[in-house]
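Peer 1: Here's a sequence, model it:
(chains A, B, C and D)
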Protein chains: 4
Amino acid sequence: MTAQPFRYPVRVYYEDTDAAGVVYYANYLKFMERARTEWLDARGLPLAELERVHGVVFVVTRAEIDFRGAARLGERLEATVAFERAGRAQMMARQSVRRGDEVLVEGHIRLACLARDGWRPARIPPELDRLLEAVR
Amino acid sequence: MTAQPFRYPVRVYYEDTDAAGVVYYANYLKFMERARTEWLDARGLPLAELERVHGVVFVVTRAEIDFRGAARLGERLEATVAFERAGRAQMMARQSVRRGDEVLVEGHIRLACLARDGWRPARIPPELDRLLEAVR
Amino acid sequence: MTAQPFRYPVRVYYEDTDAAGVVYYANYLKFMERARTEWLDARGLPLAELERVHGVVFVVTRAEIDFRGAARLGERLEATVAFERAGRAQMMARQSVRRGDEVLVEGHIRLACLARDGWRPARIPPELDRLLEAVR
Amino acid sequence: MTAQPFRYPVRVYYEDTDAAGVVYYANYLKFMERARTEWLDARGLPLAELERVHGVVFVVTRAEIDFRGAARLGERLEATVAFERAGRAQMMARQSVRRGDEVLVEGHIRLACLARDGWRPARIPPELDRLLEAVR
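Peer 2: Numbering: from 1, shown residues only, chains lettered A, B, ... in the order given. Prediction:
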């Protein structure tokens, strides 16, 4: 049984596009991060709190992105995310950017949990850990 | 007698353009900031040193920008800057983005000098003050 | 009697911030453009239709921006816009970026209406003209 | 025998950084694209000419990026690229972003050659093909 991924709406503005008339390739990574951020927020664990209360930050250590289709100015898209634990100090995010049912971009993003001070690997806080278990 | 403005080369990449086929309007402000940063560097007062040694940062408090022409993908431009003091805790930057002799964008940018800790107005460091006098 | 400005929500993500810990100054211009775009959309005149049906595009010809306060990661802001006609081929947008009641950034943006083909000044389409009258 | 990769200097400005104090992860993809663009330019085959004369554009279809270290404000980096053919209508770019000898980010980028009109797969132009052979 697979949980439904979290979905977050994205509108394409001029700022997102390039002279080829489509969304600039690096900007899909912004859309994906918005979905990751909103997933945490929607679960009551905003990034700011993870940093302040738990003393951790998350950094992307690897991204695999497949670009299959192009989004254009004015379109309404969705960025999706489903998280998985990957050991004690890492998690994986399976992500997509979609236009309706069409998957335009697919991403596998690895995030490391780091201590805010010193940026050394840190254990994922138990509150977040429980959420990651729950989505399985 | 007016000093020649400082000039810094800018190349237009896809990242800078939008679906209208030209440089996205907000991105000219990036080009202008590159010129301001490089001016300080070229005079031996990099931003990092101003912050570390003198405990100050600079923030833009007002920008007046006239957009007269459009730059396109692949073009080689120049961002220019000429600074002026504006009291003890502010300076003005007269800036442009040019393609050859043509002024595409013109900007008047006001910067406030702030104490790094607390972000309250701070006197412009004397080393920088002397540079601003010198360019008159 | 002054009409209420149109308000559009903006969330601050990492993509919007810089190493000073606040929203990068040029990015407020992105937020302002989102509000302009959504205003047109909400009134049934999306940019894409203005271009396709009426053959016109809008370009920013002047921006005056006052930066009064700084927004930070994770904050929820609003970008506002109120439009005014400025002759047959131009309009003005009075804009702000707010955090609750606090105005962080204020902008006066002049937009020129141009023919899509050739980018020469063009009359504002009557459908849009009527909307601009209505907001007075 | 492996050819030396092409190197292109990158300076880190405020525009590139985020509130974590380092370069925003998606922005390394901008740096990599600058190197790809300049490689073509340095070989006399600028993107604009490939489009105008040969009727082709290149789009990224897959990106694998490893983020190993973080660049900070004001640092001077290098973006590198080495191209390889990958069939008649694709090429691979092995890329990095370095600070001195330290590899901060490593990327494998797959690019598809598309006909400018219609965006269907197109054969890599022979002039470019010869360059790709030459770097082996």
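Peer 1: And for the residue lying closest to residue A:59 once chain neighbours are set aside, the neighbour number?
Peer 2: Distances taken as Cβ to Cβ, 6 or more residues apart in numbering or on different chains put residue A:112 closest to residue A:59, at 5.5 Å, once the chain neighbours are dropped. Where C-beta positions appear, they are placed from N, C-alpha and C, glycine not excepted. Other residues near residue A:112 number 22, with proximity taken as other Cβ atoms under 10 Å in any protein chain shown.
Peer 1: SS state for residue A:112?
Peer 2: With DSSP: H, G, I helix; E, B strand; the rest coil as the basis, residue A:112 sits in strand.
Peer 1: got it, and residue A:7?
Peer 2: Of the three states, residue A:7 takes strand under three-state DSSP.
Peer 1: Also residue A:118?
Peer 2: Look at residue A:118: counting by three-state DSSP, its state is coil.
Peer 1: Give me the contacts around stretch A:108-118.
Peer 2: A:32, A:36, A:51, A:55-64, A:86, A:89-95, A:120-125 (Cβ atoms under 8 Å, 6 or more residues apart in numbering or on different chains).
Peer 1: Next, report how far it is displaced from the centre of its chain.
Peer 2: Relative to its chain's centre, stretch A:108-118 lies at 13 Å (Cα atoms, centre = their mean, to the nearest Å).
Peer 1: Next, the buried residues of it.
Peer 2: For stretch A:108-118, burial by neighbour count (16 or more other Cβ atoms under 10 Å in any protein chain shown) applies to A:109, A:110, A:111, A:112, A:113, A:114.
Peer 1: In which helix or strand does the first one reside?
Peer 2: What that stands for is residue A:109. strand A:102-115 (DSSP states H and E).
Peer 1: thinking again about what came up before, let's see which of the contacts of stretch A:108-118 end up in strands.
Peer 2: A:56-64, A:90-95 (DSSP state E).
Peer 1: Find the pair from those residues with maximum spatial separation.
Peer 2: A:56 and A:64 (23.8 Å; Cβ to Cβ).
Peer 1: These two - which one has more neighbours?
Peer 2: Just comparing residue A:56 and residue A:64: by other Cβ under 10 Å the higher neighbour count belongs to residue A:56, 21 against 15.
Peer 1: so that one makes contact with residue A:129?
Peer 2: No. If you go by Cβ atoms under 8 Å, residue A:56 and residue A:129 don't touch, sitting 11.6 Å apart.
Peer 1: follow-up on the earlier one: quick one: buried ones out of the ones in strands among the contacts of stretch A:108-118?
Peer 2: Burial by neighbour count, 16+ other Cβ under 10 Å: within the ones in strands among the contacts of stretch A:108-118 this picks out A:56, A:57, A:58, A:60, A:61, A:62, A:63, A:90, A:91, A:92, A:93, A:95.
Peer 1: can those residues go into CSV with extra columns for distance to residue A:18 and pLDDT?
Peer 2: Shown next, in CSV, are these (distance: Cβ to Cβ, whole Å; pLDDT from 0 to 100):
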residue, distance to residue A:18, pLDDT
A:56, 35, 96
A:57, 30, 95
A:58, 28, 96
A:60, 22, 98
A:61, 27, 98
A:62, 25, 98
A:63, 19, 98
A:90, 32, 96
A:91, 31, 96
A:92, 29, 97
A:93, 25, 97
A:95, 21, 98
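Peer 1: how about these in CSV, adding distance to residue C:11?
Peer 2: Converted to CSV, these look like this (distance: Cβ to Cβ, whole Å):
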residue, distance to residue C:11
A:56, 21
A:57, 18
A:58, 17
A:60, 19
A:61, 25
A:62, 26
A:63, 22
A:90, 26
A:91, 22
A:92, 24
A:93, 18
A:95, 18
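Peer 1: Same list as before, those that is, but in TSV and with distance to chain D included.
Peer 2: Below are those laid out as TSV (distance: Cβ to the nearest Cβ, whole Å):
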residue	distance to chain D
A:56	12
A:57	6
A:58	10
A:60	5
A:61	5
A:62	5
A:63	5
A:90	13
A:91	15
A:92	14
A:93	13
A:95	13
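Peer 1: Nearest to residue B:73 among those residues?
Peer 2: Nearest member of these to residue B:73, counting by Cβ to Cβ, is residue A:63, at 25.4 Å.
Peer 1: nearest residue to that closest one other than its sequence neighbours?
Peer 2: Spatial nearest neighbour of residue A:63, chain neighbours left out: residue D:65 (4.7 Å); criterion: Cβ to Cβ, 6+ apart.
Peer 1: repeat for residue A:22
Peer 2: Closest residue to residue A:22 apart from its sequence neighbours, by Cβ to Cβ, 6+ apart: residue A:70 at 3.8 Å.
Peer 1: where are the low-confidence patches of chain A?
Peer 2: Counting by pLDDT under 70, chain A has low-confidence residues at A:1-3, A:135-136.
Peer 1: how about the residues of it that lie near chain B?
Peer 2: A:14, A:15, A:17, A:18, A:19, A:20, A:21, A:22, A:24, A:26, A:72, A:73 (Cβ under 8 Å from any Cβ of the partner chain).
Peer 1: ok, now which ones touch the third one?
Peer 2: Taking Cβ under 8 Å, 6+ apart as the criterion, residue A:17 is in contact with A:23, A:24, A:72, A:73, B:18, B:19.
Peer 1: In the sheet, which residues pair with the residue nearest to residue A:59? Tell me.
Peer 2: When bridges are called by DSSP bridges, residue A:112 pairs up with residue A:59, residue A:90.
Peer 1: Next up, the contacts around the residue nearest the centre of chain A.
Peer 2: Geometric centre of chain A, nearest residue: residue A:36, 3.2 Å, by Cα atoms, centre = their mean. Residue A:36 is in contact with A:81, A:83, A:93, A:95, A:109, A:111, counting by Cβ under 8 Å, 6+ apart.
Peer 1: Next, count neighbours for the first one.
Peer 2: Read that as residue A:81. Neighbourhood size, residue A:81 [other Cβ under 10 Å]: 23.
Peer 1: Name the nearest residue to it, ignoring sequence neighbours.
Peer 2: Nearest non-adjacent residue to residue A:81, counting by Cβ to Cβ, 6+ apart: residue A:35, 4.3 Å away.
Peer 1: what's the burial count for the one you found?
Peer 2: Residues lying near residue A:35 (other Cβ under 10 Å) number 24.
Peer 1: Assess the claim that it and residue A:80 are in contact.
Peer 2: Yes. The criterion here is Cβ under 8 Å, and residue A:35 meets it with residue A:80 at 6.2 Å.
Peer 1: what residues do the two have in common as contacts?
Peer 2: In terms of Cβ under 8 Å, 6+ apart, residue A:35 and residue A:80 are both contacted by the residues A:6, A:7, A:8, A:95.
Peer 1: By neighbours, which of the residues you listed wins?
Peer 2: Top of the shared contacts of residue A:35 and residue A:80 by neighbour count (other Cβ under 10 Å): residue A:95, with 26 neighbours.
Peer 1: Spit out the contact partners of that one.
Peer 2: Here residue A:95 is in contact with A:32, A:35, A:36, A:79, A:80, A:81, A:82, A:106, A:107, A:108, A:109 (criterion: Cβ under 8 Å, 6+ apart).
Peer 1: so where's the longest helix in chain A?
Peer 2: Ordering each helix of chain A by length in residues (DSSP state H) puts helix A:27-42 first.
Peer 1: Flag every residue of chain A that's near chain D.
Peer 2: Selection of chain A residues close to chain D by Cβ under 8 Å from any Cβ yields A:20, A:25-27, A:29-30, A:33, A:57, A:59-68, A:70, A:119.
Peer 1: and with 10 Å instead?
Peer 2: Residues of chain A lying close to chain D by Cβ under 10 Å from any Cβ of the partner chain are A:19-22, A:24-33, A:47, A:51, A:57-68, A:70, A:106-110, A:112, A:114, A:116, A:119.
Peer 1: before we move on, the earlier item: got any residues that touch both of residue A:56 and residue A:129?
Peer 2: Listed as contacting both residue A:56 and residue A:129 by Cβ atoms under 10 Å, 6 or more residues apart in numbering or on different chains are A:113, A:123.
Peer 1: Thank you kindly, that will do.
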